[in-house]
Structure formats: structure tokens, C-alpha cells
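> Here is the input, now give the coordinates:
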Amino acid sequence: MKRVSALLILFPRVLAGQQQPASHQLGAIAAKSGVLWNTIIGVRPLPNGRLLVNDIAGRKVVLLDSSLAQLSVVADTTSATASAYSGRIASIIPYKADSTLFVDPQSMSMMVIDPTGKMTSRVMALPRSEDAGMLGGAMGASAALDAKGRLVYRAPFRFQRMGPPPTDGKMPMIPTPPESAMIVRVDLATRQLDTVGVIKIPKMNVQVSQDEKGNMRMNMEMNPLPTVDEWAVLSDGSVAFVRGRDYHVDFVNADGSKTSAPKIPFEWQRLSDEDKVAFIDSVKAARARLASSAPTPTGAPTGGPPPGGDGERRVVVQMGPDGPGGRSATGNFNPQSQISFVSPSDLPDYKPPFFANSVRADASGNIWVRTIPTRQVPGGPVYDVINREGKLIDRVQVPEGRTIIGFGADGSVYLVTRDTTGPTPTMTLERARLR
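Prediction:
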């Protein structure tokens with residue numbers, strides 16, 4: 001009882017003396033792109049309402065006009081563009097004076113796209129080759145320049161070992177997955193790097209076993225409701241860290257000083273033991289439905305439950321001479337995987353305010369946080385809008401099935417929605433106004 005009472009004091013339903021503003025609907029959809037998209041991970045607004053779109057699964061960067069009609073293909077996998085989309089995890093990062101960096105980790109290069117959306121001949125090397133993977137793909141989509149023109153991004157993991165080296169020569173040492181990640185900044189001219197801050201990330205539990213034949217099996221359990229931090233570079237070049245444990249914002253300001261804002265008012269929802277069991281059961285059921293409806297990969301066995309058909313969220317990798325996960329006669333590696341979740345008791349006592357990758361900054365210096373609903377509300381997700389002082393100033397609900405992918409300087413809000421009904425998932429891109 002003492003622990004529950006302490007938590008209730010720390011997390012009242014709505015913080016005393018503060019009230020959440022009522023949420024309102026996002027403005028009407030003003031434009032819809034007719035381009036077929038696979039997986040959009042980033043957009044870059046340009047002057048005159050034009051927009052660069054990075055489709056990582058489609059491996060293309062496309063320039064759209066203000067009506068979201070296609071103007072040109074800036075990069076793709078063909079030889080027709082000035083620079084091919086050679087890798088599979090490229091990203092676009094806002095650069096100086098409305099220009100854009102096209103980051104290709106495979107070639108270790110950053111090419112410059114000018115404000116008109118044309119690829120220039122200017123090419124820069126990645127600031128640190130070991131960070132290539134974090135500057136491409138979804139991780140790179142969060143990168144941006146700070147007030148002094150330094151590139152801010154999430155650094156790769158620096159794994160720690162799980163114990164002393166093995167003495168039998170069989171079981172390799174498996175690194176312990178970290179519970180936090182560093183946000184760093186690097187001067188593109190001097191390559192000097194320093195740390196801006198640290199964020200809490202989802203924790204994975206790793207278990208390794210080995211049988212008498214030498215087959216190694218690695219299980220990774222995941223928490224479907226982790227308490228995490230997120231970050232964003234604001235329009236003035238400062239860096240904001242949104243803390244998930246008590247929902248407040250820490251700022252690293254443009255002049256290097258640091259400030260911490262008060263807690264954001266939020267309807268904290270306590271999870272009882274029964275709530276935790278029900279939540280895990282619902283996630284397992286959703287996973288089972290997804291697995292049963294997914295197409296069977298070529299060469300996979302048919303019939304019977306899919307791997308992980310019990311609905312558990314566990315990633316399993318098996319390596320060795322036998323069966324799936326071993327090496328075939330042709331030498332190909334065929335990993336076996338399934339998915340599992342932690343036990344209900346490992347869930348937090350209060351539902352977190354947001355998931356990972358749920359924070360974006362708009363062109364006015366505000367922070368948008370896609371919140372986890374604490375009660376049933378019809379429609380799409382609700383975003384908390386937090387100003388430069390760390391205060392909650394608005395709550396905006398987007399249409400059902402949509403999420404925000406970016407913002408324009410003119411108040412435009414860019415949305416994506418995913419269609420999984422066809423054989424290949426596709427995305428739709430739309431533009432709306434705040435009101």
C-alpha cells in the first residue's frame with residue numbers, strides 16, 4: 001500500500017493546479033498525393049510549398065509541388081537520377097539555407113540537394129564511419145543541425161559484455177543490450193564530437209542457450225509498454241528531451257545552457273495487476289492475428305501455427321549446424337525467429353505518456369507528442385503540443401488511421417496512413433492545416 005500511495009502522490013490523474021486543454025480536430029485535408037508510396041520515413045518542406053519525400057522501402061526521394069503532385073525523382077535505384085539510391089537505409093536531413101543532405105550510409109557519403117530540389121555535385125564524407133547506420137533510415141530521419149550548424153543525431157550502441165569470456169570455447173559472449181542511448185553532435189568541419197544528452201530507450205532481455213550439437217539459440221524479450229524518453233531539434237537549434245517517467249521537457253539551449261520545464265499535465269492511468277494481464281493478452285492476440293494473415297515466405301513450411309503462434313513477443317535467432325537458423329548446403333544463413341513479450345508484472349505501474357518515435361518538432365519551435373490514450377476516444381491519435389517553454393499549449397487529434405510525418409513553415413501538417421489490405425503494404429501522403 002505504501003508503494004501505491006507514493007505513486008499516486010507522484011502521478012495524480014491530472015497534476016494539481018494544471019489542466020489539459022480540450023483537444024480539437026486537425027483542419028481538413030487540403031491535398032493528397034497520387035504517388036504510390038511504400039514506407040515514408042521523412043519529408044523535407046522546401047520554399048513555395050514544395051516537398052521532398054524519402055520512401056525508404058521504395059528506395060526513392062521524390063520532389064512534390066504544393067498540391068503534392070510529383071515534379072521529379074531526385075534519387076532512386078535507376079541510372080536516370082543524378083545520384084542513385086544505392087543503399088537501403090538512406091535519409092534526408094535539413095541542411096543550411098533550405099538545402100538538404102541526402103545521406104547514403106552504404107557509400108559513406110552525404111550529398112547536397114539544393115532548395116529547388118535538385119541534386120548538386122557537392123558531396124561530403126560522413127563525419128564518422130562507425131555512425132553510418134544511425135544517420136540512415138528511421139534514425140537518420142530525426143537528425144538535424146543545431147544553432148551552431150553541428151549535426152545532432154543518436155549515437156550507435158556501445159555494448160557491454162555479459163560476463164567473463166567462456167572457458168569451453170563454445171558459447172560466445174553476448175553483449176548486454178543498453179537501456180539508454182546518447183544523443184551527440186558533431187562539427188562537420190572539424191569532426192569534433194560531444195554528447196548533448198542521454199535518453200532512456202526500450203530494454204530487451206537477452207537469453208542465450210546452446211545444445212550438445214553446438215546450436216546456439218538467442219531469445220530477446222520485448223516490453224510492449226516501455227517507459228522511454230524522446231528528443232528533437234527545435235527550429236531555433238536547441239535540443240529538447242521529452243522525459244517519459246514524469247512527462248517533462250529538458251532543454252539544451254542554443255547558447256549551451258540547460259533548462260528543465262515543469263511536468264506536463266497528463267491523465268495518468270494506473271495499471272492494476274488485472275490491467276497488465278489484459279494488456280499483454282490483447283497484444284498477444286493482435287500479434288497472432290497479424291501473423292496468421294501475413295503471407296507465407298517462399299520456402300517456408302505451410303500449415304500449422306506460424307512461428308511464435310502462441311502470440312509471445314520473443315525474437316529468436318538460432319545458429320548452428322541443424323535446422324532453420326543453420327547453414328544450408330549452399331552456405332546460406334537462414335535465421336529462425338519468433339516474437340515474445342515480458343510477463344505482465346514487468347509492465348509499468350502507470351501507462352506511459354508516449355511510445356518511442358512519437359515526438360516531432362514543428363517549424364514554430366513547438367514539440368508534438370503522439371500520446372498513448374488513457375481512455376477510449378473515437379478518431380485518431382491525439383498529439384500534445386508543447387511550446388518552447390515546455391508548457392502544454394494545445395492538443396490536436398488527427399483523423400483516424402493517420403500519423404504526423406512532418407510540418408511546413410506555413411502551418412501545413414503532413415500525414416501518412418498505411419494500407420495493409422493488399423499484397424504489398426502502401427502509404428498515402430496528405431497535407432492538412434492546423435485549424
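> Show me the shaky parts of the chain.
Residue ranges of the chain with pLDDT under 70: 1-18, 80-83, 158-176, 214-216, 291-339.
> 50 instead?
With pLDDT under 50 as the threshold, the chain has low-confidence stretches at 1-12, 16-17, 296-337.
> Would you map the helices across it?
2-10, 132-135, 137-140, 273-293 (DSSP state H).
> how far out from the middle of the chain is the longest one?
Once both centres are worked out by CA atoms, centre = their mean, to the nearest Å, helix 273-293 turns out to sit 22 Å from its chain's centre.
> can you pull the buried residues of it?
Lys276, Phe279, Ile280, Val283, Lys284, Arg287, Ala288, Ala291 (16 or more other CB atoms under 10 Å). C-beta: built from backbone N, CA, C; applies to glycine.
> Next, format those residues as a markdown table and append distance to Leu392.
Shown next, in a markdown table, are these (distance: CB to CB, whole Å):
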| residue | distance to Leu392 |
| --- | --- |
| Lys276 | 28 |
| Phe279 | 26 |
| Ile280 | 30 |
| Val283 | 29 |
| Lys284 | 34 |
| Arg287 | 33 |
| Ala288 | 37 |
| Ala291 | 38 |
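> from what I can see Tyr85 touches Ala57, true?
No - if you go by CB atoms under 8 Å, Tyr85 and Ala57 don't touch, sitting 11.1 Å apart.
> what about those two, which has more around it?
When neighbours are counted by other CB atoms under 10 Å, Tyr85 and Ala57 differ, and Tyr85 comes out ahead with 23 against 15.
> how close does Asn219 get to Ile201?
19 Å (CB to CB, to the nearest Å).
> cool, Val249 as well?
Look at Val249 and Ile201: by CB to CB, they are 18 Å apart.
> Likewise for Pro45?
28 Å.
> next one: Arg128
Here the criterion is CB to CB. By it, Arg128 lies 20 Å from Ile201.
> what do you get for Lys60?
With CB to CB as the criterion, Lys60 and Ile201 are 30 Å apart.
> Mind checking which of those two has more residues around it?
The residue with more neighbours, out of Lys60 and Ile201, is Lys60; 21 against 18, by other CB under 10 Å.
> Quick one: residues contacting that one.
Val73, Ala75, Asp76, Thr77, Tyr85 (CB atoms under 8 Å, 6 or more residues apart in numbering).
> bridging residues for it?
Per DSSP bridges, the residues bridged to Lys60 are Asp55.
> can you pull the contacts of Met134?
Taking CB under 8 Å, 6+ apart, we find Met134 in contact with Gly140, Tyr153, Arg154, Ala155, Pro156.
> Report the spatially nearest residue to it, omitting neighbours in sequence.
Pro156 (5.1 Å; CB to CB, 6 or more residues apart in numbering).
> List phi and psi for that neighbour.
phi -70, psi 160 (degrees, to the nearest 10).
> what's the spacing between it and Gly140?
Taking CB to CB as the measure, Pro156 and Gly140 are separated by 12 Å.
> More neighbours: those two, which one.
Taking other CB under 10 Å, Pro156 and Gly140 do not tie; Gly140 has more neighbours (26 against 17).
> distance of that one from Ile201?
Note on Gly140: its distance to Ile201, by CB to CB, is 16 Å.
> do Asp236 as well
26 Å.
> ditto for Val359
Taken as CB to CB, the span from Val359 to Ile201 is 13 Å.
> repeat for Gly244
Separation of Gly244 from Ile201 (CB to CB): 10 Å.
> what is in contact with these two at once?
Val228, Asp229.
> For Lys213, see how far away the residue most central in space within the chain is.
With distances taken as CA atoms, centre = their mean, Asn357 lies nearest the centre of the chain, 3.5 Å away. Relative to Lys213, Asn357 is positioned 40 Å away (CB to CB).
> now Pro178
Counting by CB to CB, the gap from Pro178 to Lys213 is 32 Å.
> Looking at those two, which one has more neighbours?
Neighbour comparison, Pro178 and Lys213: the larger count goes to Pro178, with 15 against 9 (by other CB under 10 Å).
> Setting the sequence-adjacent residues aside, check what's closest to that one.
Phe157 is the one closest to Pro178 (CB to CB, 6+ apart), at 5.4 Å.
> Any idea how many residues pack against that neighbour?
The burial count for Phe157: 14, using other CB under 10 Å.
> hang on, isn't it packed against Ser180?
No - the criterion here is CB under 8 Å, and Phe157 misses it with Ser180 at 9.7 Å.
> ok, which stretches of the stretch 201-350 of the chain are strands?
204-210, 216-222, 230-233, 239-243, 248-252, 258-260, 314-319 (DSSP state E, counting those that start in this stretch).
> helices or strands up against the second one?
Right, strand 216-222. strand 204-210, strand 314-319 (3 or more CB pairs under 8 Å, 6 or more residues apart in numbering; DSSP states H and E).
> what separates it from the chain centre, distance-wise?
That offset, for strand 216-222, works out to 22 Å (CA atoms, centre = their mean).
> cool, stretch 52-65 as well?
For stretch 52-65, the distance to the chain centre is 18 Å (CA atoms, centre = their mean).
> Next: stretch 350-364.
10 Å.
> Show residues contacting that stretch.
By CB under 8 Å, 6+ apart, stretch 350-364 touches 7, 11, 45, 138, 201-202, 225-228, 230-235, 240, 242, 244, 247, 264, 266, 268-271, 367-372, 374, 384, 404, 406-409.
> ok, now with 7 Å
Stretch 350-364 is contacted from outside by 7, 11, 201-202, 225, 227-228, 230-235, 242, 244, 247, 266, 268-271, 367-372, 374, 404, 407-409, using CB atoms under 7 Å, 6 or more residues apart in numbering.
> What are the buried residues along that stretch?
Neighbour counts over stretch 350-364 (16+ other CB under 10 Å) mark Tyr350, Lys351, Pro352, Pro353, Phe354, Phe355, Ser358, Val359, Arg360, Ala361, Asp362 as buried.
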